[in-house]
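Asks: Have a look at this prediction, sequence included:
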Amino acid sequence: MDAQAENPPETVLASIDPVVMAAATVMRLQTIVSREVAADESAVVTIGALQAGTKENVIPDTAVIKLNVRTFDSGVRKRVLAAIERIANAEAAASGAPRPPEFTSLDHYPLGFNDAEASKRVGDAFRRYFDPERVRQVGAAPASEDLGSFGTAWETPSMFWFVGGTDPDVYAKAKAAGEINKIPVNHSPFFLGWPGWRRRPQRIDPIPTQRRHAMQKAKSPVRRLGFLLEFLGWLMGLEPTTTGITILDSTN
């Protein structure tokens, strides 16, 4: 129920302020991870947008909260989603809202699991092509990717890997200073990436003839991967010794 802030007291008192309701909901949602997720579990609840009203002196009739949930376990995910609905409904009731809040799922990606055999084969191929010291294995990553829609959902062996995009000198200096967390990531407005990624060869044929023929002759997935890596390096003007590869832990 909307109203103007300067309206008679009885009108303002009769309005339901969705801004206050949304603000209270956002604050309460912050307790899900800290109070409802065990220390040996993992979850992320991020409120990325809160939208309400268009004028400073008008109480709007709706508010929209957009949030993102990331978990590594389907049971934890179900519990977190239930807590979100419970909190939103409770805050609406506490504010005297005339109807319960509406919930709309915008995106959903199945959990991604690296197949152990596929991870080993691809990792071995990376180490043969790149400097082995530049290939490393890490733990679970909270990134939401559509790989799960093809691998997990289709029960198809798959694996996920990252290609480093930070200038090696910048990374080395940040690591020495203990400030790796200050390096802008790809969602940051300050992210520039590595200039080497933005170099493109000036030629019409995207794949040199001899490399295209070699790729066609490659029979095994590992050999095809090797040629793909070579092509990517050529396309971006990179040398095998300057590129870093990160492979997610196969148990995740």
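Replies: That came in fine, so what should we check first?

Asks: and Ala49, what is it in contact with?
Replies: By CB atoms under 8 Å, 6 or more residues apart in numbering, Ala49 lies in contact with Val64, Ile65, Lys66. Quick note: C-beta positions are derived from backbone N, CA and C, even for glycine.

Asks: from those residues, which ones fall inside strands?
Replies: Val64, Ile65, Lys66 (DSSP state E).

Asks: Write the PyMOL selection for whichever of those residues are buried.
Replies: In PyMOL, this line selects whichever of those come out buried by 16 or more other CB atoms under 10 Å:
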select buried, resi 65
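
Asks: what's the closest of the ones in strands among the contacts of Ala49 to Leu50?
Replies: Set against Leu50, the nearest of the ones in strands among the contacts of Ala49 by CB to CB is Ile65 (5.5 Å).

Asks: wait, what's in contact with that closest one?
Replies: Ile65 makes contact with Ala22, Thr25, Val26, Ile47, Ala49, Leu50, Ala88, according to CB under 8 Å, 6+ apart.

Asks: Look up phi and psi at Pro60.
Replies: phi -70, psi 170 (degrees, to the nearest 10).

Asks: separation between it and Thr25?
Replies: Pro60 is 15 Å from Thr25, where distance means CB to CB, to the nearest Å.

Asks: got the contact list for Val26?
Replies: Contacts of Val26 by CB under 8 Å, 6+ apart are Ile47, Leu50, Ile65.

Asks: What is the nearest of the residues you listed to Asp167?
Replies: Nearest to Asp167 among the contacts of Val26: Ile47, at 32.3 Å, using CB to CB.

Asks: in which helix or strand would I find the closest one?
Replies: strand 43-51 (DSSP states H and E).

Asks: Give the buried residues for that strand.
Replies: Using 16+ other CB under 10 Å as the test for burial, strand 43-51 gives Ala43, Val45.

Asks: what's the model's confidence in that strand, averaged?
Replies: Regarding strand 43-51, the rounded mean pLDDT is 94.

Asks: just to revisit the earlier point, tell me which of the contacts of Val26 is nearest to Asp131?
Replies: Looking across the contacts of Val26 and measuring by CB to CB, the closest to Asp131 is Ile47, at 41.5 Å.

Asks: Scan the helices and strands of the chain for the one with the lowest mean pLDDT.
Replies: One helix or strand of the chain scores below all others by mean pLDDT, DSSP states H and E: helix 209-217, with a mean of 44.

Asks: Need the residues that contact the lengthiest helix in the chain.
Replies: Counting by DSSP state H, the longest helix found in the chain is helix 74-94. Defining contact as CB under 8 Å, 6+ apart, one finds that helix 74-94 is touched by 21, 24-25, 28-29, 32-33, 36-37, 41-43, 45, 65, 67, 69, 71, 99-101, 103, 111.
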